[in-house]
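> Structure for the following, please:
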Amino acid sequence: MTNAYQQAYDASLQDPEAFWGEAAKEISWYKTWDKVLDDSRKPFYRWFAGAEVNTCYNAIDRHVEGGRGDQAAIIYDSPVTNSKRTITYAELKDEVSKFAGALRSLGVEKGDRVIVYMPMVPEAVVAMLACARLGAVHSVVFGGFASNELATRINDAQPKVIVSATCGIETTKVIPYKPLLDHAIELADHKPAATIILKRPQAEAELIAGRDHDWAEIAAKAQPAECVPVAATDPLYILYTSGTTGQPKGVVRDNGGHLVALKWTMKNVYNIEPGQVFWAASDVGWVVGHSYICYAPLFHGATTVVYEGKPVGTPDAGAFWRMISEHNITALFTAPTAFRAIKREDPEGALLKNYDLSCLKTLFLAGERSDPDTIKWAQTNLGVPVVDHWWQTETGWAIAANCVGLHLFPVKPGSPTKAVPGWDLQVLDEGHHPCKPGQTGSLVVKLPLPPGTFYTLWNAEQRFFDSYMAEFPGYYKTADAGMIDEDGYAYVMSRTDDIINVAGHRLSTGQMEEVLASHPDVAECAVIGVADQLKGQLPLGFVCLKAGVTKPNDQILKEIVALVRETIGPVAAFKSCTIVKRLPKTRSGKILRGTMQKIADNQDYKMPATIDDPAILEEIDESLQEIGYSKARKEAVE
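Numbers count the residues shown, from 1 in each chain. Sure, this is the predicted structure:
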């Protein structure tokens, strides 16, 4: 008997217009579409052409009108400031409509851009929704981003207004935002007409007369703004993601397709019912924060969580368990990095015993490849399905997942399970021919991409085509390498530029990382390819050990090398590994393998703008010198 997943998947590929047209009935439209899919400018497909809609109305107003006004829309929990707040849908409507009025008083109208440079506070979500209410285009920049990076985004998006706060807080450290913002505006060629600054008690800031406005004051004086109808194909937001040239790429998401796809995922992928509490433990500065903190839960009439804290250290490795228990959270969505950090501090899961987690039904992992050891640890300790799923900033939602709301498949650790309905995922070799099951190649998606994905790059249509569509005509290039097995399970092994070539053998660093992570003393690891005169490249491992390990380092390293040889074989040529205290990561938890590779290969490198702690790179450099790699050359970055 065909399961619900297979029925949905087959229908989505056989007749995507009928499939997504049916899903679109869940959305409130001012005007329905002339055509579900406009394919008149391939590969620049557009969904729900001719329709009119408002994203904010679907996130808030329709639920207030439908009787959910007293239900919690946002739960804010900030262990770093020791504060909590619940905002109902009715209260959120009032706040958003007032702030939209404040933006309008500064001249913001439909199509104008607004940059949001905020910490993890409810006002960040309010600002995003207020832009959507007016039909303005928001571009959220991760709070605390360096001034030159912010300036680059100001120049590209050309915002009329920038919304910010006096500070953000990283565990115990206060990060003043206003000096960073002022310097960014100085550096930028484009000058915003105004800024709105949320004053936080942890840091004061001087407001510049005529340009800077106090959030509380301007919102109090504003006339509430009603929702503005926009074309379904009009842009909702720009989100900048890393570009290979160093110039960030402005991913553009539309209003209509985004609404339809994200609303559909809440039940079908995440199995969430309206009224339940959904927690994406990310940041609004990243795509997960856009899709699953700000938008999808609210489209669905669920309760979303804004958490200002870390998985460990706020106050301990039980921070997530306290949140789940206290706020009756049904599903948690976080990065594997968070669980590796928890596992490292509390290997036996002792802190779990202090909390009642019976409300939690599912754990979802994404953002970094989930190693089997972390998945098994989570399954054993939480006793719920652990769903690894794979998606990208460009896609906006999952390409492959275990769609819990349709059919729960057996978990295969290391695989994000199967392609989600709407995604014609394929594996192609270097000659663009389909790979056999189990054969590694380039993971690509046959066009058209489903609704809710990006449809261009801001002011860079040719770059969009060149970066994503040119190499495999008729397909979207994910730039990830992987395979699909005989059961249809996808495996994402690494970025295509992270496949290493050892004496003509294409090897996956992700596969080696799985082996390293399976060692009982290893908490976290990374494998990179380093230059070798004889073989082209050789793999090099970095491991962080679990707390309390007493075994000598030399013995652990010998065991790891033997484990790789035993599991993958001598072809892996895995001989070098070093133990480090921590791995360099972006603020969203992605390991900076490319920078580590440049250090190992003694190449010039720039300090990544997204790095969580720059001091880690010096530690990596020292560890590499100890095993015979030279000190790298770093370019000065302001």
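
> switch to C-alpha atoms for all contacts and neighbour counts from now on
Will do.

> So for Pro336, what pLDDT did the model give?
pLDDT recorded at Pro336 is 87.

> can you count the residues close to it?
A count of nearby residues for Pro336, using other Cα atoms under 10 Å, gives 23.

> So it sits against Leu365, correct?
Yes: using Cα atoms under 8 Å, Pro336 makes contact with Leu365 at a distance of 5.8 Å.

> Tell me where the stretch 201-350 of the chain has strands.
212-214, 230-231, 235-241, 249-254, 277-280, 303-307, 329-334 (DSSP state E, counting those that start in this stretch).

> Please apply the same query to the stretch 451-600 of the chain.
456-457, 475-484, 490-495, 499-502, 505-508, 522-532, 536-545, 576-579.

> Could you export those as JSON lines, including distance to Ala331 and mean neighbour count?
Listed next are the strands of the stretch 451-600 of the chain as JSON lines, based on distance: least, Cα to Cα, whole Å; neighbours: other Cα atoms under 10 Å:
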{"stretch": "strand 456-457", "distance to Ala331": "32", "mean neighbour count": "22"}
{"stretch": "strand 475-484", "distance to Ala331": "27", "mean neighbour count": "22"}
{"stretch": "strand 490-495", "distance to Ala331": "23", "mean neighbour count": "24"}
{"stretch": "strand 499-502", "distance to Ala331": "33", "mean neighbour count": "21"}
{"stretch": "strand 505-508", "distance to Ala331": "31", "mean neighbour count": "19"}
{"stretch": "strand 522-532", "distance to Ala331": "24", "mean neighbour count": "23"}
{"stretch": "strand 536-545", "distance to Ala331": "29", "mean neighbour count": "21"}
{"stretch": "strand 576-579", "distance to Ala331": "34", "mean neighbour count": "19"}
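
> Arg593: which of these is closest?
Set against Arg593 and scored by Cα to Cα, those come closest in strand 522-532, at 6.4 Å.

> Name the strands paired with that closest one and say parallel or antiparallel.
Neighbouring strands of strand 522-532 in its sheet, by DSSP bridges, are strand 536-545 (antiparallel).

> For Ala400, give the beta-bridge partners.
Trp390, Ala419.

> and it, what does it touch?
389-391, 416-420, 423, 490 (Cα atoms under 8 Å, 6 or more residues apart in numbering).

> My understanding was that Val284 contacts Val126; is that so?
No: Val284 is beyond contact range of Val126, at 11.2 Å (criterion: Cα under 8 Å).

> of these two, who's got more company?
Legend: neighbour count by other Cα under 10 Å for Val284 and Val126, higher for Val284 (28 against 20).

> Look up how far Glu566 lies from that one.
43 Å (Cα to Cα, to the nearest Å).

> Tyr355 too?
Taken as Cα to Cα, the span from Tyr355 to Glu566 is 40 Å.

> what does Asp532 give?
Asp532 is 23 Å from Glu566, by Cα to Cα.

> show me where the stretch 1-150 of the chain has strands.
Going by DSSP E, counting those that start in this stretch, the stretch 1-150 of the chain shows strands at 35-38, 46-49, 52-53, 72-78, 83-88, 113-117, 137-140.

> any chance of those in CSV, plus mean neighbour count?
Shown next, in CSV, are the strands of the stretch 1-150 of the chain (neighbours: other Cα atoms under 10 Å):
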stretch, mean neighbour count
strand 35-38, 18
strand 46-49, 25
strand 52-53, 23
strand 72-78, 23
strand 83-88, 15
strand 113-117, 27
strand 137-140, 28
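
> Would you mind saying which of those lies nearest Ala261?
From the strands of the stretch 1-150 of the chain, taking Cα to Cα, the stretch that ends up closest is strand 46-49, at 10.7 Å.

> Okay, and the beta partners of Arg46?
Going by DSSP bridges, Arg46 forms beta bridges with Asp38.
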